[in-house]
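Enquirer: sharing a model prediction with you, sequence too.
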Amino acid sequence: MSPHDPHGPALNHRVAVLFERAGFKTMPNAVSTAEFSVTIHGNKVKPLDLYATDDQLGISIIGSNKSGSIPGFSAHLSDLKELKKAAKADRVILVSTKAGEVTQEDRLAAEAAGVSVWTENTLRYYEALTDAIHSFAKYEIINALGLKTNEEKQTTYVLAIRIHQPTPTSTIELYMFSLSPEKLLKTCAVYRRAQGNAEAYQRMVTKKRLPGIRAFVSKIDSLLPTNIVVDFDSAKVSVVELEKAADESNLTSKALTLTTTQHQIVALGIPMEYASLELLDGQHRLFGFAEAAPATRQAFGLAVVGVRGLNQKQKQATFVAINDTSRRMDPNLVAFLQYDKDDNVCQKDSKLMAIRVVVDLADREPFLKRVRLLDLGTQTMTLKGLSGYDLKGLVGPKGLLRKVFPTNLPKDYVTYLSTYFSLVRSTFKTEWDDPKTYILATNRGFTALLKLLRSILRTEPDTNDPQITKKYVKALSGFDWDYANLKQKYVGSQGWKGFHLDLVAQVRKTYPNFQA
């Protein structure tokens with residue numbers, strides 16, 4: 001902690017409470033600000049912002065918490081490496097809650113030095129996790145830090161029925177078996193595309209449902225026949241073929257003829273590697289056991305279906321499908337779960353490219369803090385609304401924006417659109433800054449302005465000159481952006497198509513050859 005950081009003590013307490021709730025012993029902790037100290041070269045005594053241990057698992061973690069700037073990042077990493085050695089710690093965490101303070105280059109350097117960087121969003125994610133499953137959050141944290149324990153070397157073997165879906169010749173395999181909540185709570189993590197985002201996690205796991213489930217499963221006659229669904233592809237689950245499993249001597253003392261060959265009895269070797277199984281469904285049923293009595297967690301036989309053979313798109317679609325039955329899933333979350341930082345993946349799918357562009361735009365002006373990526377917040381622009389038909393069309397294979405940027409890189413689209421909408425904001429600052437009154441900074445306003453951009457690109461093919469774009473935006477001066485007036489003029493969803501045509505008509509007053 002920097003002596004000049006006025007928010008340091010509060011951040012230290014926040015991090016200590018998180019680790020304490022996750023089941024670690026900590027210094028400082030929830031009731032004491034006393035810091036653990038180590039002695040380094042020159043007999044200098046250095047206090048640590050975090051010292052977290054689990055003696056049973058043989059884990060020790062130290063931390064440096066920064067709520068402000070980090071001058072001399074490389075030098076700070078060197079100090080942390082020395083502190084790690086002096087404290088005999090297994091891992092170092094650098095918590096930096098100031099947005100944009102740690103660059104990607106810094107992150108790579110930190111990882112190489114054995115330091116894990118947590119941002120504000122990472123911190124909030126683990127706070128949400130510990131809020132829901134308490135000390136069982138420890139296992140996901142250990143996994144994320146790249147640490148290994150002796151317990152993880154163990155393998156649990158269970159009998160299972162293997163089924164191929166949707167047909168006997170399918171490459172997708174389902175394994176039906178039973179396992180205790182105790183082991184599942186250690187080895188399962190919620191769908192990985194939500195990890196690192198607290199809002200996504202909270203959306204998928206409703207904390208208020210967990211006490212009711214805990215109370216129910218704690219009853220002596222409780223029954224949970226509905227299975228938990230996990231993905232096996234992220235774990236090293238082994239399958240042992242039982243060649244004589246269908247023999248009557250293995251099943252019954254009487255002769256037995258099976259009526260189908262579409263399933264086989266096998267043994268699964270499930271490693272106790274923490275957070276290695278992706279939990280696709282049943283998170284509330286499983287997490288309801290987090291605060292149940294140890295005997296209940298260890299003895300209850302939960303029905304589980306393990307899935308193997310799903311690619312990333314199938315996995316995402318499966319998660320959405322089985323979580324979208326009784327209650328409509330937030331469309332922003334559905335879109336956010338498809339967000340992919342891999343340029344190659346986005347280049348192959350205009351829908352994924354549009355989602356990537358909007359999520360990245362949300363971190364830049366003029367969209368900063370104006371786009372609601374999930375079903376939380378009051379912003380008038382949403383990920384789902386902005387990444388729709390018009391943006392997909394512009395960046396698609398035949399899109400006019402793709403012609404400007406044939407290399408089809410997300411960063412080029414983000415820079416271009418950020419510049420374009422910054423021109424809109426500077427021209428109509430009052431209207432942009434008041435989305436409750438004016439339509440500009442709303443989903444419909446964004447869509448209409450994308451249609452206008454398409455018209456600009458038709459008029460000025462392949463243009464990447466902000467000055468050319470600016471003159472057409474300026475030509476909109478005098479247009480009435482008042483949302484109430486526009487709602488009266490454009491009735492229904494189809495009526496809003498006229499919005500774009502009226503924008504074109506406004507530009508044509510200055511530039512008669514402007515294309516629709």
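Expert: Perfect, I can see it now.
Enquirer: is it true that residue 146 touches residue 91?
Expert: Yes. Residue 146 is in contact with residue 91 according to C-beta atoms under 8 Å; the separation is 7.1 Å. For the C-beta atoms, the positions are set from N, CA and C on the backbone; glycine is no exception.
Enquirer: what residues are shared contacts of these two?
Expert: residue 116 (C-beta atoms under 8 Å, 6 or more residues apart in numbering).
Enquirer: the two: who's more crowded?
Expert: Applying other C-beta atoms under 10 Å to residue 146 and residue 91 shows that residue 91 carries more neighbours, namely 20 against 11.
Enquirer: would you tell me what helix or strand the nearest residue in space to residue 159 that is not next to it in sequence is located in?
Expert: Nearest residue to residue 159, sequence neighbours excluded (C-beta to C-beta, 6 or more residues apart in numbering): residue 267, at 5.9 Å. Here residue 267 sits within strand 263-271, counting by DSSP states H and E.
Enquirer: and that strand, how far out from the chain's middle?
Expert: For strand 263-271, the separation from the chain centroid amounts to 31 Å (computed by C-alpha atoms, centre = their mean, to the nearest Å).
Enquirer: re earlier: and the residue nearest to residue 159, how many neighbours does it have?
Expert: Residues lying near residue 267 (other C-beta under 10 Å) number 15.
Enquirer: residues touching it, list them.
Expert: Per C-beta under 8 Å, 6+ apart, neighbours of residue 267: 157-160, 239-240, 242.
Enquirer: where in the stretch 401-516 of the chain is pLDDT low?
Expert: Along the stretch 401-516 of the chain, the model assigns pLDDT under 70 to residues 491-496.
Enquirer: let's see it at 50
Expert: Along the stretch 401-516 of the chain, no part satisfies pLDDT under 50.
Enquirer: where exactly do the helices run in it?
Expert: Secondary structure of the stretch 401-516 of the chain by DSSP state H, counting those that start in this stretch: the helices cover 410-427, 429-432, 443-459, 466-474, 483-489, 492-495, 497-508.
Enquirer: and the ones you listed, which is most packed in?
Expert: Comparing those by mean neighbour count (mean count of other C-beta atoms under 10 Å), helix 443-459 ranks first with a mean of 21.
Enquirer: and that helix with helix 466-474, angle?
Expert: 130 degrees (axes from the mean of the first three to the mean of the last three C-alpha atoms, to 10 degrees).
Enquirer: so which of the helices of the stretch 401-516 of the chain is nearest residue 371?
Expert: Closest of the helices of the stretch 401-516 of the chain to residue 371 is helix 443-459, at 9.3 Å (criterion: C-beta to C-beta).
Enquirer: for the closest one, packing partners?
Expert: If you count contacts as 3 or more C-beta pairs under 8 Å, 6 or more residues apart in numbering; DSSP states H and E, helix 443-459 packs onto strand 381-382, helix 383-386, helix 389-395, helix 400-404, helix 410-427, helix 466-474, helix 497-508.
Enquirer: show me what the fourth one packs onto, helices and strands only.
Expert: It stands for helix 400-404. If you count contacts as 3+ C-beta pairs under 8 Å, 6+ apart, helix 400-404 packs onto helix 389-395, helix 410-427, helix 443-459.
Enquirer: thinking again about what came up before, pull out the buried positions in the strand holding residue 267.
Expert: 263-266, 268, 270-271 (16 or more other C-beta atoms under 10 Å).
Enquirer: contacts for the next helix-or-strand element following that strand?
Expert: Sequence order places strand 277-281 as the next helix or strand after strand 263-271, per DSSP H and E. With contacts defined as C-beta under 8 Å, 6+ apart, strand 277-281 is touched by 184, 187-192, 228-235, 286, 306-307, 315, 318-319, 322-323.
Enquirer: and these, which are buried?
Expert: Listed as buried from the contacts of strand 277-281 are 184, 187-191, 228-232, 235, 286, 306-307, 315, 318-319, 323; burial here means 16+ other C-beta under 10 Å.
Enquirer: quick one: average pLDDT of stretch 171-188?
Expert: Stretch 171-188 shows a mean pLDDT of 94.
Enquirer: please identify the buried residues of that stretch?
Expert: Across stretch 171-188, burial judged by 16+ other C-beta under 10 Å covers 172-175, 177, 179-188.
Enquirer: in those, find the pair that's most separated.
Expert: Greatest spatial distance among the buried residues of stretch 171-188 (C-beta to C-beta): 172 and 182, at 28.6 Å.
Enquirer: what part of the chain, helix or strand, is modelled with the least confidence?
Expert: When the helices and strands of the chain are scored by mean pLDDT, DSSP states H and E, helix 248-251 comes last with a mean of 45.
Enquirer: assumed residue 116 was part of a helix.
Expert: No. Assessed with DSSP: H, G, I helix; E, B strand; the rest coil, residue 116 is strand; it does not lie in a helix.
Enquirer: that one and residue 133, how far apart?
Expert: Look at residue 116 and residue 133: by C-beta to C-beta, to the nearest Å, they are 20 Å apart.
Enquirer: before we move on, what about residue 431?
Expert: 46 Å.
Enquirer: residue 501 contacts residue 508, correct?
Expert: No. Contact between residue 501 and residue 508 fails when scored by C-beta under 8 Å: they sit 10.3 Å apart.
Enquirer: where do the helices sit along the stretch 101-250 of the chain?
Expert: Ranges of helices in the stretch 101-250 of the chain, per DSSP H, counting those that start in this stretch, are 104-112, 120-133, 137-144, 181-187, 198-204, 210-217, 248-251.
Enquirer: tabulate these in JSON lines, adding columns for distance to residue 65.
Expert: Putting the helices of the stretch 101-250 of the chain into JSON lines (distance: least, C-beta to C-beta, whole Å) gives the following:
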{"stretch": "helix 104-112", "distance to residue 65": "14"}
{"stretch": "helix 120-133", "distance to residue 65": "9"}
{"stretch": "helix 137-144", "distance to residue 65": "16"}
{"stretch": "helix 181-187", "distance to residue 65": "27"}
{"stretch": "helix 198-204", "distance to residue 65": "18"}
{"stretch": "helix 210-217", "distance to residue 65": "29"}
{"stretch": "helix 248-251", "distance to residue 65": "58"}
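Enquirer: what about the helices in the stretch 251-400 of the chain?
Expert: Using DSSP H, counting those that start in this stretch, helices in the stretch 251-400 of the chain cover 283-287, 294-299, 312-322, 331-336, 343-347, 350-361, 383-386, 389-395, 400-404.
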